[in-house]
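Chemist: sequence unknown, structure follows:
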């Protein structure tokens, strides 16, 4: 267990360092790659808490999907080698105030949770998740599916050529 | 987790033989002889190539982003190799015991694109960048049919664990699932119990015959995920020099090649596990001729380990041969053809088969 604990802290530290790097780097593409590291570290932390399915979903959706889209977006829009891809920091006071407020809120909420009342989950919970989605949480699940379908159709409609238009 | 001591040397050996095999197969398809000079029948050609590659200078272009440029090939290889941690080797030597096995593997496959983008961008070369952008677009597009075709199998097997999927396709199924019964073609109404017959009859592709068509979708999508011909647009020699790997030389280039062949091997093994009975023997028990038991071996025994590894490796080699055959037979597709194959043909068909597999599953229980 000792070994695992050390690993846990190393991964946690790595997540914090890479998240800090996102804040302080001026190169937007470096920030995107650092975000990959952060998200992978968080996925590893999920595995430490026996949430294997969530960890893999995190890798699949965020790292494999969303980050790739972000990098894709950066590469297609910005002239990376120019100074334009470098970002400065603006509205420092507002940003600091809002993030401090969120931090305080999270800390206070987490402080009120009584962790001892939850039993540690061990072993397989994959089937429980599946059954839960198909029974108790069916409505939100279906609504999410509809939302994604709408987004898909919307994106296709925006991207497609308009009939008779100039394209 | 100990499967790494099998897969790392296996991957290196496969790459050496696959490079030689690829050159010979392409030569025979094009009615040539291929490499003939080094060793008998050119058999030492890839070793000579390897020695040459290691001696080469590790060049980093002046205008490249040095740190990312140096890290990218290693990242590509590490991501691909992480996928091997989940694969079983034999009936009693399995990979990481992840209950989300195949789901994790698909996540790994989709991660690969980050390394490719990094390599292409850090090179600071327009061919490399174009190759990387093409590769990203292609991998994202073909992930959809790939995932759907895998999902078709998962609907039938009801588990994500690769070792359980392997057990379900042979006569030892009751060692992991004591109550399960295999029927011919998976259909309960036919009522022919083949749990103890095994062999090819209990492979997924026979348990649900339409899975053959699903495998075709899986195979096409996996070719695109590996960036192999006819989907090798990211490294189209005639347009992009060598795509995202244009600026790499020597050892780093060979690591990229290693990752590419690693990916081929990964999807080949995955295809065998999901559709073609994993490490199970193709011979069924016929009456008193217990062919499945003789050629499969009891899990846990030495003969069981050797025979199951043999079947897995030989089926995988066949799949790799198939990939090479396709590469040297079909011309490269255009980028618009690539997209329309992926979105207009493979995805709708995969969705249709997913429905069919769901109905089939209802007939199985």
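Modeler: Now that the structure is in, tell me what you want to look at. Just so we're clear, the structure is a prediction, and the values are computed from it rather than from any experiment.

Chemist: Return the residues of chain A in contact with chain B.
Modeler: Counting by CB under 8 Å from any CB of the partner chain, chain A comes close to chain B at A:29, A:33, A:36, A:52-53, A:56, A:59-60, A:63-65, A:67-68, A:71-72, A:75-76, A:80-81, A:124, A:126. No exception for glycine: its C-beta is placed from N, CA and C like everyone else's.

Chemist: which residue packs closest to residue B:45, ignoring adjacent ones?
Modeler: Excluding its sequence neighbours, the residue lying closest to residue B:45 (CB to CB, 6 or more residues apart in numbering or on different chains) is residue B:35, at 4.0 Å.

Chemist: distance of the one you found from chain A?
Modeler: Computed as CB to the nearest CB, to the nearest Å, the residue B:35 to chain A distance reads 38 Å.

Chemist: Okay, and that residue sits in which element?
Modeler: For residue B:35, there is no host helix or strand (DSSP states H and E).

Chemist: Just the buried subset of the residues of chain A next to chain B, written out for ChimeraX, thanks.
Modeler: In ChimeraX, this line selects whichever of the residues of chain A next to chain B come out buried by 16 or more other CB atoms under 10 Å in any protein chain shown:
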select /A:29,33,36,52,53,56,59,60,63,64,67,68,71,72,75,80,126
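
Chemist: From the residues of chain A next to chain B, which land in helices?
Modeler: A:29, A:33, A:36, A:52-53, A:56, A:68, A:71-72, A:75-76, A:126 (DSSP state H).

Chemist: Between all of these, which two are at the greatest distance?
Modeler: Pairwise distances across these (CB to CB) peak at 37.3 Å, for the pair A:76 and A:126.

Chemist: quick one: contacts for residue 127?
Modeler: Looking at chain A here, since you left the chain open. By CB atoms under 8 Å, 6 or more residues apart in numbering or on different chains, no residues touch residue A:127.

Chemist: my bad, chain B
Modeler: B:240-243, B:246.

Chemist: who wins for neighbours among those residues?
Modeler: Neighbour tally across the contacts of residue B:127 (other CB atoms under 10 Å in any protein chain shown): the maximum, 25 neighbours, falls on residue B:243.

Chemist: my read: that residue touches residue B:260, true?
Modeler: No - in this structure, residue B:243 is not within contact of residue B:260 by CB atoms under 8 Å, at 11.2 Å.

Chemist: Now render the ones in helices among the residues of chain A next to chain B as JSON lines, adding pLDDT.
Modeler: JSON lines is the format used below for those (pLDDT from 0 to 100):
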{"residue": "A:29", "pLDDT": "80"}
{"residue": "A:33", "pLDDT": "85"}
{"residue": "A:36", "pLDDT": "88"}
{"residue": "A:52", "pLDDT": "82"}
{"residue": "A:53", "pLDDT": "85"}
{"residue": "A:56", "pLDDT": "87"}
{"residue": "A:68", "pLDDT": "81"}
{"residue": "A:71", "pLDDT": "80"}
{"residue": "A:72", "pLDDT": "77"}
{"residue": "A:75", "pLDDT": "74"}
{"residue": "A:76", "pLDDT": "72"}
{"residue": "A:126", "pLDDT": "80"}
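
Chemist: Assign residue A:141 to helix, strand or coil.
Modeler: helix (DSSP: H, G, I helix; E, B strand; the rest coil).

Chemist: do you know how far it is from residue B:354?
Modeler: With distances taken as CB to CB, to the nearest Å, residue A:141 is found 17 Å from residue B:354.

Chemist: what about those two, which has more around it?
Modeler: In this view residue A:141 and residue B:354 are compared by other CB under 10 Å, and residue B:354 has more residues nearby, 16 against 13.

Chemist: which residues touch that one?
Modeler: Counted by CB under 8 Å, 6+ apart, residue B:354 has contacts B:148, B:151-152, B:155.

Chemist: Most neighbours out of the residues you listed, which is it?
Modeler: residue B:152 (30 neighbours).

Chemist: can you give me the helices for chain B?
Modeler: B:4-29, B:45-55, B:66-83, B:101-122, B:126-157, B:162-168, B:204-207, B:211-225, B:237-240, B:250-275, B:291-296, B:302-327, B:335-340, B:347-364.

Chemist: so residue B:116 touches residue B:76, yeah?
Modeler: Yes - the criterion here is CB under 8 Å, and residue B:116 meets it with residue B:76 at 6.4 Å.

Chemist: Helices along chain A, start to end?
Modeler: Taking DSSP H as the criterion, chain A carries its helices at A:2-24, A:28-48, A:52-57, A:68-77, A:92-112, A:126-134, A:138-159.

Chemist: outside of the second one, which residues touch it?
Modeler: By CB under 8 Å, 6+ apart, the list of residues contacting helix A:28-48 from outside reads A:4, A:8, A:11-12, A:14-15, A:18-19, A:21-22, A:25, A:52, A:54-56, A:58-59, A:62-63, A:67, A:70-71, A:74-75, A:78, A:80, A:85-87, B:68, B:114, B:118, B:121.

Chemist: Check these for burial and list the buried ones.
Modeler: The buried subset of those (16+ other CB under 10 Å) comprises A:11, A:15, A:18-19, A:21-22, A:25, A:52, A:54-56, A:58-59, A:62-63, A:67, A:70-71, A:74-75, A:80, A:85, B:68, B:114, B:118, B:121.

Chemist: Residue B:265 contacts residue B:316, doesn't it?
Modeler: Yes - using CB under 8 Å, residue B:265 is in contact with residue B:316, at 6.9 Å.

Chemist: which of the residues in stretch B:278-292 are buried?
Modeler: B:278-285, B:290-292.
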